[in-house]
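Trainee: I need the structure of the sequence given here:
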Amino acid sequence: MTDLTTSYMGLQLKNPLVASASPLSKKVKTVRRLEEDGVAAIVMYSLFEEQITHESRELDHFLSNETEHYAEALSYFPDLDFYNLEPEVYLEHLHKVKQAVNIPVIGSLNGISTGGWIEYARRIEEAGADALELNIYYIPTDPNLSSTELENVYINLVKDVRSKIKIPIAVKLSPFFTALPHLSKHFVEAGANALVLFNRFYQPDFDLETLEVTPALTLSTSSDLRLPLNWIAILYGHVAVDLALSGGVHTTHDVIKGIMAGASVTMMASELLLNGVERVSEILAGLSHWMDEHDYESVKQMRGSMSQRSVSEPAAFERANYMKALNTFERRLR
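Mentor: Predicted coordinates for the structure are as follows:
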């Protein structure tokens, strides 16, 4: 019988399939269904820095003040009255979820600056969270802000959160860094136990009739898997941290690829939102069947088997594959 168990940030999980932060965690009954269908852990939807600091109205005033002569630009900014500015509700719900299920529950904080708001990391721990996912979502737009300065902000944020809590910390990142392996090493030194690759930035669109900027939430597809898959294969074995693949996990094969690249867990949301939580049991059944057919006894045996851990010069390996891909396309034109 195949062994699907895995370890993530010291948490012993029954399989490598985790429900990532999404609206799925907003109802206790849905979380129970996820557990029944086989999900090994769940990441709560995020509590935002702005919800805690109550600075949303100040931010709205500042931004609006700067753009009052460009009415179209105002549609970039959200209706801040829409957001729930009561973080106590989040803590209470997290506690209820934790009481309702037996699988690990991972809290989620979304922010960028250091300050009093990170005290909520401790409160999330007290509410019963088994770990914390720190979701750093920030798009630098200031031409005077250097990459080094921004990376130091990220690292200091992880250090400050680590000083508040004892539970494991996962850092969820975007792929837009100059030297991701180097930055990853600093996150480990700052106290991170795992890296979640990757966050997805949502690009707005323009409505040319109303002259408004319209936010667009596009769910992932399996084609989105390639970017995190590549980076996990690069980082595995070179950075002393657990890796979670997030973005593009929709099928059994997606899960297998993630594990073989080196992921301890693969995270899923879009597939469950599109096709229902029952997809979890179908994917896990497919995973067991595939492992049986290919003579794998455990997830541990599979992990990292297709990573670049044994490649002495990963950068050269990447360039070689780039050239190979281009040559493949060129041959089609002959």
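
Trainee: Got the confidence number for the spatially closest residue to Tyr138 that is not a sequence neighbour?
Mentor: In this structure, Tyr138 finds its nearest non-sequential neighbour in Ile112, 4.4 Å apart by C-beta to C-beta, 6 or more residues apart in numbering. C-beta coordinates here come from the backbone N, C-alpha and C atoms, glycine included. Looking at Ile112, its pLDDT reads 90.

Trainee: looking at it, Ile112 is touching Val153, isn't it?
Mentor: Yes: contact criterion C-beta atoms under 8 Å: Ile112 and Val153 qualify, at 6.8 Å.

Trainee: what about the residue nearest to Tyr138, distance to Leu157?
Mentor: 7 Å (C-beta to C-beta, to the nearest Å).

Trainee: and the two? which has more neighbours close in?
Mentor: Taking neighbours as other C-beta atoms under 10 Å, Ile112 and Leu157 compare with Leu157 leading, 23 against 14.

Trainee: correct me, but that one touches Tyr137?
Mentor: No: judged on C-beta under 8 Å, Leu157 makes no contact with Tyr137 at a distance of 11.9 Å.

Trainee: quick one on the thing from earlier: what do Ile112 and Leu157 both touch?
Mentor: Residues touching both Ile112 and Leu157 by C-beta atoms under 8 Å, 6 or more residues apart in numbering: Ile136.

Trainee: re the thing from before, any shared contact partners between Leu157 and Tyr137?
Mentor: Shared contacts of Leu157 and Tyr137 (C-beta under 8 Å, 6+ apart): Ile112.

Trainee: how about the strands in the protein?
Mentor: For the chain, strands defined by DSSP state E occupy the ranges 6-8, 11-13, 17-19, 41-43, 47-48, 105-110, 131-135, 169-173, 194-197, 205-207, 212-214, 242-246, 265-268.

Trainee: ok now the fourth one, how far from the chain's centre?
Mentor: Read it as strand 41-43. For strand 41-43, the separation from the chain centroid amounts to 11 Å (computed by C-alpha atoms, centre = their mean, to the nearest Å).

Trainee: Show the model's pLDDT score for Pro214.
Mentor: No Pro there; residue 214 is Thr. If you check Thr214, the pLDDT there is 85.

Trainee: repeat for Lys98
Mentor: Lys98 is assigned a predicted lDDT (pLDDT) of 98.

Trainee: and what of Asp205?
Mentor: 86.

Trainee: pretty sure it is touching Leu217, no?
Mentor: No: contact criterion C-beta under 8 Å: Asp205 and Leu217 do not qualify, at 11.1 Å.

Trainee: Tell me which of these two has more neighbours.
Mentor: Neighbour tally, Asp205 and Leu217, criterion other C-beta under 10 Å: the higher count belongs to Asp205, 11 against 6.
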